[in-house]
Each structure stands twice: as structure tokens, then as C-alpha cells.
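Novice: Model the structure of this input:
(one chain, ligands or ions: 1)
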Amino acid sequence: MSHLRTIPVPALADNYIWLLADQSGKTLVVDPGEAAPVLAALQHEHLEPAAILLTHHHPDHIGGVAGILARYPSLPVVAPDDVRIDTATRTVRDGDRLTFEAPPASFEVLEIPGHTRSHIAFFGAGVVFAGDTLFSVGCGRMFEGTPAQMLASLDRLAALPDDTLLCCGHEYTLANCTFALTVDPDNAALGRRAVAVREMRARGEPTLPVPLRVERSINPFLRVDAPALRDAAARALGSDEASDRVARFAWLRHAKDGFRAA
Ligand SMILES: [Zn+2]
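Specialist: Got it, this is the predicted structure:
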């Protein structure tokens, strides 16, 4: 739906708070880790918030809710059912549908545990707000989930339509490309994305959103079944263990955890 704009608002060290705005200025605010940059962006762009959506309970995603509510006390706050989010006015679960008149947008709620146990995504209006589960060329850490859960969550996100724009919680793309090239070095599309991302970051531009069609061809965590990643896992784990896709994913996530760019 081209009449809606997605606006990434940089916050904290490397977070993005997402705004989804219609032409009249009615706006959804997703994962406000801080209030000040949201309030400044709303004022600067002449936008009026309609609701706050939260993907998970981490402070860098919800820390700005109270400050925004202080300015806009009647805003609905939609969140997963988790006692650690005490500002929610509506809790949602897998399969729930969330429809707004303004901005005109309807979302399906996907439960995608792994980064946290109650993490959700909002899919609709041509975008997916994926929080800290799927990043461009990477994925979130598994703080409260198993590799099998996290992989199943990534599989759900990867199965969304090609043109869906991935809106995630952090600008990690450049570092993610550096790691991805160590496990998928012959991937030409990944190489091109790495070059483009370096230039975008040098200009101070966000590397997001990005279509899932692109992500599926370059993100190693969505490519555990691709021959290149199978081969890389087999070299690290032996071919027996590497024949299991959850084992390949767990190896990849562990390798990323320990990775430091040279
Ligand atoms: Zn998080």
C-alpha cells in the first residue's frame, strides 16, 4: 500500500523506532525505545500518533512508551501478553487481526518466540515489524528460546510474500554482512549488498527497510538449507550432524555469537 510511509527513527545506540504514516498524518509507532526522538519526528513530519505497537518487552523497544503517553494519554498500546509490559492496553496473540481506520492498515499477529518467549511480529500493509527476531542479513540472539524455536520463527517470517518490507529493530546490517561473507563467501548478491550497505552507512542512511525477497537470497539464517550453508556447516560439524537443519542453524547462531570482525 504505497500511500503509507514507513519512517525509521534512529534511537539509542543503534535502534530503529518505526513510524507508519498515512497521507493525513495518522501514524502508528512501533517499538519506541525512547520518547524524545519519536516526539521530535512526529512534530517535524506533522504526524499524529494513532497507536503504539510493541513486539517484545526489552527496554530498548518499550522504554519510550511512558513518555509518549505523557503527551498522548489516550493512545492504545498493543503488545504481546507478557507481565513485563505494564503499559499495554490490548494484548494480542498468534492469528489475531489488528485493524486501524487511520492509518488504513490491517495486521496479522505472528508469535515468533526465540529472542524472547513472548516476541510477536505485526504483518500487514506491505510490511512486517519483526522486532529483534529477523535483522537484515542476520537474526536476533536467543535469550529465551531454543534454536528450534528461533528457526521456526524465522521460517514463518521468511514465508511472507516476496515484496513484504522488513522493518526490524536495529541497524546491524553492515556487521551482519561481514559475518555472512565468512560463511557464504561466494554469494554474489550478498557481496553486492555488503558494498551498498557500506556506502549507505557512510552517508548516514538507514539500510532498512528491505524486501524479504532480497533477504532470502543473502541472509545466512534464512539460508540454512542452501548448498553453500550446508557445506559450511558440514566442514564445521561433520556431515552427520550438519544433515540436521536445526543443528546447522544452532551452529550458525553460535558462530555469529563468537564472531568479531578482524
Ligand atoms: Zn530485544
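
Novice: Skipping adjacent residues, who's closest to Ala194 in space?
Specialist: Leaving aside its sequence neighbours, Ala194 sits nearest to Cys177 (C-beta to C-beta, 6 or more residues apart in numbering; 3.9 Å). For every residue, glycine as well, the C-beta is placed using N, CA and C.

Novice: Let me fix that, I meant to ask about Gly63.
Specialist: Distances taken as C-beta to C-beta, 6+ apart place Gly33 nearest to Gly63, at 4.9 Å, with adjacent residues excluded.

Novice: my guess is that neighbour meets Leu12, correct?
Specialist: Yes. Using C-beta atoms under 8 Å, Gly33 is in contact with Leu12, at 5.3 Å.

Novice: Who has more neighbours out of these two?
Specialist: More crowded of Gly33 and Leu12, by other C-beta atoms under 10 Å: Gly33, with 22 against 16.

Novice: can you list the residues of the stretch 1-150 of the chain near the ion?
Specialist: Residues of the stretch 1-150 of the chain lying close to the ion by C-beta under 5 Å from the ion are His58, Asp132.

Novice: where do the helices sit along the stretch 1-150 of the chain?
Specialist: Assigned by DSSP state H, counting those that start in this stretch, the stretch 1-150 of the chain shows helices spanning 36-44, 59-62, 65-71, 147-158.

Novice: how about the longest one: buried residues?
Specialist: Using 16 or more other C-beta atoms under 10 Å as the test for burial, helix 147-158 gives Pro147, Gln149, Met150, Leu151, Ala152, Ser153, Leu154, Arg156, Leu157, Ala158.

Novice: so can I have JSON lines of those residues showing pLDDT?
Specialist: JSON lines is the format used below for those (pLDDT from 0 to 100):
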{"residue": "Pro147", "pLDDT": "98"}
{"residue": "Gln149", "pLDDT": "98"}
{"residue": "Met150", "pLDDT": "98"}
{"residue": "Leu151", "pLDDT": "98"}
{"residue": "Ala152", "pLDDT": "98"}
{"residue": "Ser153", "pLDDT": "98"}
{"residue": "Leu154", "pLDDT": "98"}
{"residue": "Arg156", "pLDDT": "98"}
{"residue": "Leu157", "pLDDT": "98"}
{"residue": "Ala158", "pLDDT": "98"}
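
Novice: and which of those is nearest to Pro103?
Specialist: Looking at the buried residues of helix 147-158 and their distance to Pro103, the nearest is Leu157, at 22.3 Å (C-beta to C-beta).

Novice: where do the strands sit along the stretch 101-250 of the chain?
Specialist: 105-111, 120-124, 127-131, 134-135, 138-139, 165-168, 210-211 (DSSP state E, counting those that start in this stretch).

Novice: Can you add mean neighbour count and mean pLDDT and give those back as JSON lines?
Specialist: Listed next are the strands of the stretch 101-250 of the chain as JSON lines, based on neighbours: other C-beta atoms under 10 Å; pLDDT from 0 to 100:
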{"stretch": "strand 105-111", "mean neighbour count": "19", "mean pLDDT": "98"}
{"stretch": "strand 120-124", "mean neighbour count": "24", "mean pLDDT": "98"}
{"stretch": "strand 127-131", "mean neighbour count": "27", "mean pLDDT": "98"}
{"stretch": "strand 134-135", "mean neighbour count": "27", "mean pLDDT": "98"}
{"stretch": "strand 138-139", "mean neighbour count": "25", "mean pLDDT": "98"}
{"stretch": "strand 165-168", "mean neighbour count": "23", "mean pLDDT": "98"}
{"stretch": "strand 210-211", "mean neighbour count": "18", "mean pLDDT": "98"}
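
Novice: Tell me which of those approaches Ser24 most closely.
Specialist: Minimum separation from Ser24 across those (C-beta to C-beta) falls at strand 105-111, 12.8 Å.

Novice: Output the helices of the stretch 1-150 of the chain as CSV; include the columns distance to Asp244.
Specialist: Converted to CSV, the helices of the stretch 1-150 of the chain look like this (distance: least, C-beta to C-beta, whole Å):
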stretch, distance to Asp244
helix 36-44, 43
helix 59-62, 32
helix 65-71, 40
helix 147-158, 10
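
Novice: Phi and psi next, for the residue in the stretch 101-250 of the chain that the ion sits nearest to.
Specialist: Per C-beta to the ion, Asp132 is where the stretch 101-250 of the chain lies closest to the ion, at 3.6 Å. For Asp132, the backbone dihedrals (degrees, to the nearest 10) come out as phi -110, psi 30.
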